[in-house]
Structures are given as C-alpha cells and as structure tokens.
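Trainee: What follows is a predicted protein model with its sequence.
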Amino acid sequence: MTTIASGTDTLTRDALTVLQPGFTGTTAPDWLLRRLGEGLASVGLFGRNIASPEQLAALTARLRAERDDVLVAIDEEGGDVTRLEVRTGSSFPGNHALGAVDDVELTREVASELGRRLAACGVNLNWAPSADVNSNPANPVIGVRSFGADPALVARHTAAYVTGLQSAGVAACTKHFPGHGDTAVDSHHAMPRIDADASVLADRELAPFRAAIAAGTRAVMSAHILVPALDTDHPATLSSPVLTDLLRGELGYTGLIVTDGMEMQAIAATYGIERGSVLAIAAGADAICVGGGLADDETVRRLRDALVTAVRSGELAEARLAEAAERVRELARWTAAAPAAEGEGRTDIGLVAARRALKLTSTSPFSPLTEPPYVAAFTPVANIAVGDETPWGVAAELTRLLPGTETGSYTGDGAGRAALEAAGGRRVVAVVRDEHRHPWMAAALGTLLESRPDTIVVEMGVPQASPRGALHIATHGAARVCGRAAAEVIAGE
C-alpha cells in the first residue's frame, strides 16, 4: 500500500477522526498526541493504561491539552469486565446481578455512580452496557455480562443503564448489535453465527436495542457475528443491511455506530483490519475501534491510509467517510456540553446491589462459620473480554472476616480430589464459575460433596446448574463486591 503523506487535508483528517485506537502505558505517547493534532478524535483506554484514579485524570487532562474535545473511551462494564479496577475487582456488580434483583431504579443508580467515577477521571464514552440477551447457556463470552435471558427484562435494564450513565455526562455505547447472546463461539477467536429467523431476532435480540435507542443511547457497538437472516455474506460489523437498513432505517437510530475491536479474530483473520475497516465504514459504521490488541502508531497509519486509498480508488464514498467523521464530532460536542451529575452520589450503591443480588439455597438451617475455612476455587480459563488480571472469588474477603482462611486454585481432571487433600479437616467453601459449562468443574464439585456434604458452594457465574451443597450462594457475577457480599453471609456479618 502507498503511504499517504501526513497532512491536514479534509480527507486525511476525516480518516483519522473515525479511528478509536488504544495505546500502551500510563502516559500518553508522543505519537498519540501528534495524531490528535492531525485529526484523531478518540482514544480507547484499557486496564494497561490505568494505575489509579489520579493517574487516569492526569492522563486524560494531557490528552485534552492537545485536543479539548477528544472522546476518551473505556470498556468499563462493571462486574467481571472492569478496567478502572482491573487489579482489585470492581466496586460494582455486573449486569447479571442487576437483572437478578430486577429493580430498574437500582440499575439506574449503579450506572449513574459508575458514570460519576468515569467523568471524574476525564472519561466521557463508555463501551457499555451489554444489551445481549443471554439465551444460549453455553455462551462463552457474554454470560454474566448480560442482564439475563428474558428480552423484556434485558430491555428495561438496558434503558435504565443508558439513562443512568448518561445522566453523569458519559455517553453510553450499547452493545453488541444486533445481539451476541445466542452464540456458542467467542468472536475474539472466530466468527460466531446466529441462525435464528428474522421474527425471533426481532422479538428477542432487538428488543433491548429498541429500548436503548428510545432511552437516547449516544452510541451503539456492532458485533462481529454472522446472522444469515439479516445478511448471508457479511458479519454485522461489515453489513449494510444490518447497520444501515436495520439499525438506521428500521430502528430509526441516528447516533454513533462503533465497531467492536477490529483486531478480534472474527474480522482480522478473515478480512484483515485494513480491509475490514474500509468495509465497516462503507456498511454504515462511524468509528473503528482497534485498541485492544493493536495499540501503536503503525496501526493508526495503516488504517488511515487504507481509508484514504479506498476513497481515492472509488471503493469508499468520500461522503460516507465525511458523514462518519461528522458523527464522531457530533458526539464529542455532546460530551463537551453535557452537564456534570448533580448532588452527591451513592458510593456504596455497588455493594448494596451485590448484597441484594445474592440467592441463597440451603438443604438445612445454616449456621455462619466461626473458624477459618479452606476455599477451593475451581477456576476456568478466563475469556478475553474479562481477562485474567482481575482477581475474583471469596477468599480475600473471608480472610478479612475469618483470619487464617486458606485457599487454593484448581482446574481440570482431579481438581476435586486435590482440593479435598489440601483442605484437610477444615470446612470447605467451593467457588465455581459457570459450573454448567465445565464438565470437569461439575465433576470436581461432585467429588467434593460426596466426601464433604457440609461444603458451602458459591457460584459466581450464571447459576444454570442445580444448587448443591449445605449452602449454595449464587452471586450472579464475580466482581469484588459480589465476593464480599457472599463472604458476609458465610461469616455471618
């Protein structure tokens, strides 16, 4: 490909404006600041960029010193997917816990407080909420990121979340259109396919997006999924029938359309990120997210040049690129003018919500523990969206409440026997995550309960398997506050 000369011409600036790149490090690199001066309008943040709220505020201030209307985006769902608290676990339960409580005012309050914290750090666009209806229990990437499996429940909580987040001046980005819930493949790794017919999609997948649009969501993120009922050839991110005809035309959406990460294998392995980005803009997307795995100036240059070359060759209409860039600038104007949240926030609302989300099932009256237990964490491989940096479980909180608590992490065949041996005579607390999706985990729990029927079981994923144990606690998520709420019950706090 011919390198396009750096400059300030309209075409080059528009090509930069539609990109949402990430970067490495906790300070803004020189190349990023230079690109902001040349027309780049958005930056994506991840856990690797955040050390503390103070550091994050300094980082965003430096970006705004270069471009005062820059969109600073983050993937902060709360719950299992956190970037603000990637090293400690989130202060907010995720969507599944909020759906389990089913109090839309609580969901609005949680999203509002999360929005306050983002705004205080200079973040003004959140790639959340997930509006996916988790209709497939085998889904490896959505799960507790979804409010639930009922479209009406997901719709009302999606709307409440959008309203709460945007009340703090932070733009919501509802995802993953047209719905990633009925998949058994993670689009980080390959191309998922949903074979539901159009009527099912309309009633199930699209209901939460209609609610989000009615609530005024400022952005919508596309999914890298193939939905033959809508487009037999292209995944949603690259599909004009999905983005232009359905989202813009039928649903009447007028805000920003952002792609999911273009470096994800569903796109990168099939089309390549340059070709994929051109096709996405041509199909109706307005912003190209490419921050998760590829985060350098070379990527930005390649994507800018690919877009400019496509316009010059006639493959991409210049007016379509200009329209996309103007939508990015329009969102930037909204965030700049959005008023800050009024009054004092409820800093404890996340813990309040996590406590309300607990579901307890016991076979007999339960007496809280007074002696330190042994915590056996049956640990699955984390999906890429969640990552493996963020701690989870109940051991840290139980250690605080019952000093002397010990823990071990187990996976695969023989996990149950190994946990039994390590526990010795201590009371066992078994922690699982999506037991129904992992046969080895179910077998390990069975081995444990056969020898130790007094075991307490804490399910921190989707509680799809039948409750087992002397006490079964479903937290509906693995956020730090979910672990704390469960530990309080176990220790009688």
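Mentor: Perfect, I can see it now.

Trainee: So which residues make contact with the helix or strand hosting His176?
Mentor: Element membership for His176, per DSSP states H and E: strand 171-177. With contact meaning Cβ atoms under 8 Å, 6 or more residues apart in numbering, strand 171-177 is reached by 71, 73, 124-132, 158, 161-162, 165-166, 208-209, 212, 217-223, 225, 236, 242-243, 247, 256-258, 260, 331, 334-335, 338. C-beta here means a position set from N, CA and C on the backbone, and glycine is covered the same way.

Trainee: Give me the subset of those lying in strands.
Mentor: Mapping the contacts of strand 171-177 onto strands (DSSP state E) picks out 71, 73, 125-126, 219-222, 256-258.

Trainee: follow-up on the earlier one: chain center to the strand holding His176, what's the gap?
Mentor: Centre-to-centre, strand 171-177 and its host chain are 10 Å apart (Cα atoms, centre = their mean, to the nearest Å).

Trainee: Whatever helix or strand comes next after it: which residues count as buried?
Mentor: Where DSSP H and E defines the elements, the next helix or strand beyond strand 171-177 is helix 198-203. Neighbour-count burial for helix 198-203, counted by 16 or more other Cβ atoms under 10 Å, picks out 201-202.

Trainee: likewise stretch 318-338?
Mentor: Neighbour-count burial for stretch 318-338 [16+ other Cβ under 10 Å]: 320-322, 324-325, 327-328, 331-332, 334-335, 338.

Trainee: same check, this time on stretch 124-142
Mentor: For stretch 124-142, by 16+ other Cβ under 10 Å, it's 124-136, 139-142.

Trainee: neighbours of Arg356, just the number please.
Mentor: The number of residues packed around Arg356, counting by other Cβ atoms under 10 Å, is 16.

Trainee: same check, this time on the one 4 residues further on
Mentor: Number of residues near Leu360 (other Cβ under 10 Å) recorded here: 12.

Trainee: where's it, which helix or strand?
Mentor: In the assignment (DSSP H and E), Leu360 maps to strand 359-362.

Trainee: What is the subsequent helix or strand relative to that strand?
Mentor: Note on strand 359-362: by DSSP H and E, the next helix or strand toward the C-terminus is strand 374-378.

Trainee: what's the helix or strand following that next one in contact with?
Mentor: Going down the chain from strand 374-378, the next helix or strand is helix 395-401, by DSSP H and E. Identification of contacts with helix 395-401 by Cβ under 8 Å, 6+ apart yields 372-373, 375, 377, 405, 407, 429, 431, 483-484, 486-488, 490-491, 493.

Trainee: farthest pair in these?
Mentor: Ala377 and Glu493 (20.6 Å; Cβ to Cβ).

Trainee: Those two: who's more crowded?
Mentor: The neighbour comparison of Ala377 against Glu493 (other Cβ under 10 Å) goes to Ala377, with 22 against 12.

Trainee: Just the pLDDT at that one, thanks.
Mentor: Confidence at Ala377, expressed as pLDDT, is 96.

Trainee: That one touches Thr411, doesn't it?
Mentor: No: Ala377 is beyond contact range of Thr411, at 9.2 Å (criterion: Cβ atoms under 8 Å).

Trainee: hmm, back to that, can you list the strands that the strand holding Leu360 pairs with?
Mentor: Applying DSSP bridges to the sheet, strand 359-362 is found paired with strand 471-474 (antiparallel).

Trainee: Relative to the whole chain's centre, how far out is the partner strand?
Mentor: Taking Cα atoms, centre = their mean, one finds the center of strand 471-474 at 25 Å from the center of the full chain.

Trainee: Kindly list the longest helix within this structure.
Mentor: Scanning the chain for the helix with the most residues, using DSSP state H, yields helix 318-337.

Trainee: can you list the residues that contact it?
Mentor: Residues outside helix 318-337 that contact it (Cβ under 8 Å, 6+ apart) are 10-11, 13-15, 17-18, 41-42, 68-71, 124-125, 169-171, 218-219, 255-257, 281-282, 285-287, 307, 311.

Trainee: now it and strand 171-177, what's the angle there?
Mentor: Put simply, helix 318-337 runs at 130 degrees to strand 171-177, going by axes from the mean of the first three to the mean of the last three Cα atoms, to 10 degrees.

Trainee: Could you tell me how far helix 318-337 lies from the centre of the chain?
Mentor: Its chain's average C-alpha position is 24 Å from that of helix 318-337, according to Cα atoms, centre = their mean.

Trainee: What mean pLDDT does that helix get?
Mentor: Average pLDDT, helix 318-337: 97.

Trainee: Do you know the pLDDT at the residue of the chain most remote from its centre?
Mentor: In terms of distance from the mean C-alpha position of the chain, Gly425 ranks first, at 40.0 Å (Cα atoms, centre = their mean). Note on Gly425: pLDDT of 95.

Trainee: quick one: low-confidence ranges for the stretch 1-150 of the chain?
Mentor: By pLDDT under 70, the low-scoring segments of the stretch 1-150 of the chain are 1-8.

Trainee: Swap in 90 and give it another go.
Mentor: Along the stretch 1-150 of the chain, the parts satisfying pLDDT under 90 run over 1-8, 86, 136-142.

Trainee: Sketch out the helices for it, chain order is fine.
Mentor: Assigned by DSSP state H, counting those that start in this stretch, the helices in the stretch 1-150 of the chain fall at 10-17, 30-38, 53-66, 95-101, 104-120.

Trainee: out of those helices, nearest to Ala269?
Mentor: helix 10-17 (23.8 Å).

Trainee: Please state the offset of the closest one from the chain centre?
Mentor: In terms of Cα atoms, centre = their mean, the centre of helix 10-17 is found 29 Å from the chain centre.

Trainee: And for stretch 166-181?
Mentor: For stretch 166-181, the separation from the chain centroid amounts to 10 Å (computed by Cα atoms, centre = their mean).

Trainee: can you check stretch 160-170 too?
Mentor: Mean-position distance between stretch 160-170 and its chain equals 16 Å (Cα atoms, centre = their mean).

Trainee: one step back: tell me the most buried of the helices of the stretch 1-150 of the chain?
Mentor: helix 95-101 (a mean of 28; mean count of other Cβ atoms under 10 Å).

Trainee: so Glu429 sits in a strand?
Mentor: That one is not Glu; residue 429 is Val. Yes: looking at Val429 with DSSP: H, G, I helix; E, B strand; the rest coil, it is inside a strand.
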